[in-house]
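Asker: with the sequence up front, the predicted model follows.
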Amino acid sequence: MTSDDTPALVWLRKDLRLSDNPALLAAAARSGPLLCVYILDDQNAGDWLPGGASKWWLHHSLKNLAQDLAALGGTLVLRRADARKELKALVEETGAGAVYWNRMYEPWAIKRDEAIKSDLKEAGITARSFNGSLIVEPWEIATKQGNPYKVFTPYWRSLKADHAPSPPAGRPDSLVFADPPRSERLEDFNLLPSRPDWASGLRDSWTPGESGAQGRLGAFIKSRMDDYDSARDVPSTQGTSGLSAHLHHGEISPRQVWHAVKNAKNGATEGADSFLSEIGWREFSYNLLYHFPHFPEKNFQEKFDRFEWTGTDKDYTAWTRGLTGYPIVDAGMRQLYAIGWMHNRVRMITASFLIKDLMVHWRRGEDWFWDTLVDADLASNAAGWQWTAGSGADAAPYFRVFNPVSQGEKFDPQGDYVRTWIPELANLPKRFIHAPWTADRDTLAKAGVVLGQDYPEPIVDHGEARKNALAAFEKIKDAV
DNA sequence: TTTTGAGTTGTTCGA
DNA sequence: GTCGAACAACTCAAA
């Protein structure tokens, strides 16, 4: 056994924070000094390397974490390599006797990390992993029969009753660091877009990093949580917490969110319950991903393998560009492209439109979101798309097809959201804002809109598309 | 083992 | 304009 005075490597991954970080705290509790390292590993993730928007976020998150560590006298060591090789090299370089990290749940990461753990143990190095990202480990929660939950409501009841998280740990006041080995420069990771620089909307909208996350949580609980139940469905207002990307990168833990909510004076309100259940959905998605590792790539219900997807590349492209002719859909897609995030209500509407109106495979939507969302998360993204498609574990019934006009009228009654993201429709009266093709020529002319020139005609007729989708689902209904 | 109640987010139609 | 029922059957989870 190596001496306890050897350095411990804290391998940071999706836990880019100092507070409530179990791996960091456990490493600090040893008598040896710390070395904090982040490895940009593009060798192991297969098709699921972070997309463009995620990489932008990651850059800033790493920059923040490096600053926070520097304030305590430490250094964030950066390396770009296959983590399995690089950790071995780092252990040799630094004489570290232990490597600590918080768990990831992506199938590729589980596989990699298991290999790393056995490598290290074989070399006589202590290797320990911790839960830093979830309220409940997926293997710790099961039905009475011992099976993984496949339905959200019983899962959530069980989590609340039997797995409420213990209070989060604080942030260490002081840490003892070893002399750091060489580090690459963050700039050389090339995580930021350059040709062209499309990130200005992201810069204006987000504050990546641990303090940004805490600030957002505090502001949400104080001024928006009370109305969460109703306001969360209105995309023109800031009714949601906006914590998704912070949670994804581990700048804040779900346990911290849970306790901040419960301890707030409005922590027992309906708004609080409803908000926490969204944290529950994140947990549930990870539960599904862990127990069904093909979830991001394969229909959970196999009968959907026979579904005939007739959508064309042209349809898909119109969707990605926000040029479908349905304002609420196009506004959402443009918001996504502009700021790397889309309001949850609109995610459902746009996803339903791609799948059911355009009959494009949900995997293509999942891939687009993966590349464009700052909060792109393998578990949540897959769960969302499979839910909408009806192919998922606890999915929407197949006959549930969102109507983009009535959804617009219901949740964006003034048309503010549409006007924000589709400026060419800004002067259209609200009567027509969600269905410009129903406006007479004079109204359109007065608003400065020529359909087919300034803004597209609808690329499909929703009524017809709905019937086609229902017919297509009818065909696979009785499949084995 | 069998039974029973329940299941995120919707739309349309007809009274 | 508003409201309830139909849209399908199936699988899950607990008793």
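Answerer: Great, that's in hand. Remember, predicted model here, so these are calculated numbers, not experimental data.
Asker: gap between A:Ala318 and DNA strand B?
Answerer: As judged by Cβ to the nearest atom of the strand, to the nearest Å, A:Ala318 and DNA strand B stand 20 Å apart. (Glycine included, C-beta is placed from N, CA and C.)
Asker: then A:Ala8?
Answerer: Taken as Cβ to the nearest atom of the strand, the span from A:Ala8 to DNA strand B is 38 Å.
Asker: now swap in A:Glu409 and tell me
Answerer: The value you get for A:Glu409 to DNA strand B, if Cβ to the nearest atom of the strand is used, is 9 Å.
Asker: which of the helices or strands spans A:Trp11?
Answerer: Assessed by DSSP states H and E, A:Trp11 sits inside strand A:8-12.
Asker: ok, now A:Thr420?
Answerer: Per DSSP H and E: helix A:416-421 holds A:Thr420.
Asker: how about A:Trp385, secondary structure?
Answerer: Following DSSP: H, G, I helix; E, B strand; the rest coil, the label given to A:Trp385 is helix.
Asker: list the residues that contact it.
Answerer: Contact analysis of A:Trp385 by Cβ atoms under 8 Å, 6 or more residues apart in numbering lists A:Ala351, A:Trp362, A:Arg363, A:Gly365, A:Glu366, A:Phe369.
Asker: if you set the cut-off to 7 Å instead, what comes out?
Answerer: Contact partners of A:Trp385, counting by Cβ atoms under 7 Å, 6 or more residues apart in numbering, are A:Ala351, A:Trp362, A:Gly365, A:Glu366.
Asker: the lengthiest strand in chain A: what's the following helix or strand?
Answerer: For chain A, the longest strand by residue count, based on DSSP state E, is strand A:34-40. Downstream of strand A:34-40, the next assigned helix or strand under DSSP H and E is helix A:52-71.
Asker: low-confidence stretches in chain A?
Answerer: By pLDDT under 70, the weakly predicted segments of chain A are A:1-3, A:478-480.
Asker: tell me the helix or strand right after the lengthiest helix in it.
Answerer: Of all the segments of type helix in chain A, defined by DSSP state H, the longest one is helix A:270-291. Tracing the chain past helix A:270-291, the next element assigned as helix or strand by DSSP H and E is helix A:313-321.
Asker: neighbouring contacts of the next helix or strand after that next one?
Answerer: Going down the chain from helix A:313-321, the next helix or strand is helix A:327-339, by DSSP H and E. Outside helix A:327-339, the residues within contact range by Cβ under 7 Å, 6+ apart are A:201-202, A:205, A:319-320, A:322-324, A:342, A:346, A:349-350, A:353, A:372-373, A:404, A:407-408, A:412, A:417-418, A:421-422, A:425, A:433-434, A:436.
Asker: angle of helix A:327-339 against helix A:313-321?
Answerer: Calculated by axes from the mean of the first three to the mean of the last three Cα atoms, to 10 degrees, helix A:327-339 forms an angle of 70 degrees with helix A:313-321.
Asker: just the C-alphas of helix A:327-339, formatted as PDB.
Answerer: Only the C-alpha atoms of helix A:327-339 are listed here, as PDB (Å, rounded to 0.1, in the frame of the first residue of the first chain):
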ATOM      1  CA  PRO A 327     -44.800  30.200 -36.300                       C
ATOM      2  CA  ILE A 328     -44.600  28.500 -32.900                       C
ATOM      3  CA  VAL A 329     -42.500  25.700 -34.400                       C
ATOM      4  CA  ASP A 330     -40.200  28.100 -36.200                       C
ATOM      5  CA  ALA A 331     -39.900  30.400 -33.200                       C
ATOM      6  CA  GLY A 332     -38.700  27.500 -31.100                       C
ATOM      7  CA  MET A 333     -36.200  26.300 -33.600                       C
ATOM      8  CA  ARG A 334     -34.800  29.800 -34.000                       C
ATOM      9  CA  GLN A 335     -34.600  30.300 -30.300                       C
ATOM     10  CA  LEU A 336     -32.700  27.100 -30.100                       C
ATOM     11  CA  TYR A 337     -30.200  28.100 -32.800                       C
ATOM     12  CA  ALA A 338     -29.800  31.600 -31.400                       C
ATOM     13  CA  ILE A 339     -29.300  30.900 -27.700                       C
END
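Asker: same for the very next helix or strand once past it, what does it pack against?
Answerer: Next along the chain after helix A:327-339, taking DSSP H and E as the criterion, comes helix A:344-352. Applying 3 or more Cβ pairs under 7 Å, 6 or more residues apart in numbering; DSSP states H and E, one finds that helix A:344-352 contacts helix A:327-339, helix A:378-389, helix A:404-411.
Asker: buried ones in the last one?
Answerer: Using 16 or more other Cβ atoms under 10 Å as the burial criterion, the residues of helix A:404-411 that qualify are A:Pro404, A:Val405, A:Gln407, A:Gly408, A:Glu409, A:Phe411.
Asker: likewise for stretch A:152-167?
Answerer: A:Phe152, A:Tyr155, A:Trp156, A:Ser158, A:Leu159, A:Pro165.
Asker: with stretch A:180-200 instead?
Answerer: A:Pro180, A:Pro181, A:Leu186, A:Phe189, A:Leu191, A:Leu192, A:Ala199.
Asker: pull up the distance across it, start to finish.
Answerer: 34 Å (Cα to Cα, to the nearest Å).
Asker: how far does stretch A:118-132 sit from the chain's center?
Answerer: Relative to the centre of its chain, stretch A:118-132 is centred 28 Å away, using Cα atoms, centre = their mean, to the nearest Å.
Asker: and the residue in the stretch 101-250 of chain A positioned nearest to DNA strand B, what helix or strand is that in?
Answerer: Nearest residue of the stretch 101-250 of chain A to DNA strand B: A:Thr153, at 3.1 Å (Cβ to the nearest atom of the strand). Element membership for A:Thr153, per DSSP H and E: helix A:152-162.
Asker: ok, A:Ile252 touching A:Arg17?
Answerer: Yes. The criterion here is Cβ atoms under 7 Å, and A:Ile252 meets it with A:Arg17 at 6.5 Å.
Asker: which of those two has more neighbours?
Answerer: A count of neighbours by other Cβ atoms under 10 Å puts A:Arg17 above the other of A:Ile252 and A:Arg17, at 27 against 23.
Asker: leaving out the residues flanking it, which one is nearest to the more buried one?
Answerer: A:Glu210 (4.4 Å; Cβ to Cβ, 6 or more residues apart in numbering).
Asker: sorry, back to before: list the helices and strands the helix holding A:Thr153 packs on?
Answerer: Using 3+ Cβ pairs under 7 Å, 6+ apart, helix A:152-162 sits against helix A:270-291.
Asker: list the buried residues of the helix it packs on.
Answerer: Going by 16+ other Cβ under 10 Å, helix A:270-291 has these buried residues: A:271-272, A:275-276, A:278-291.
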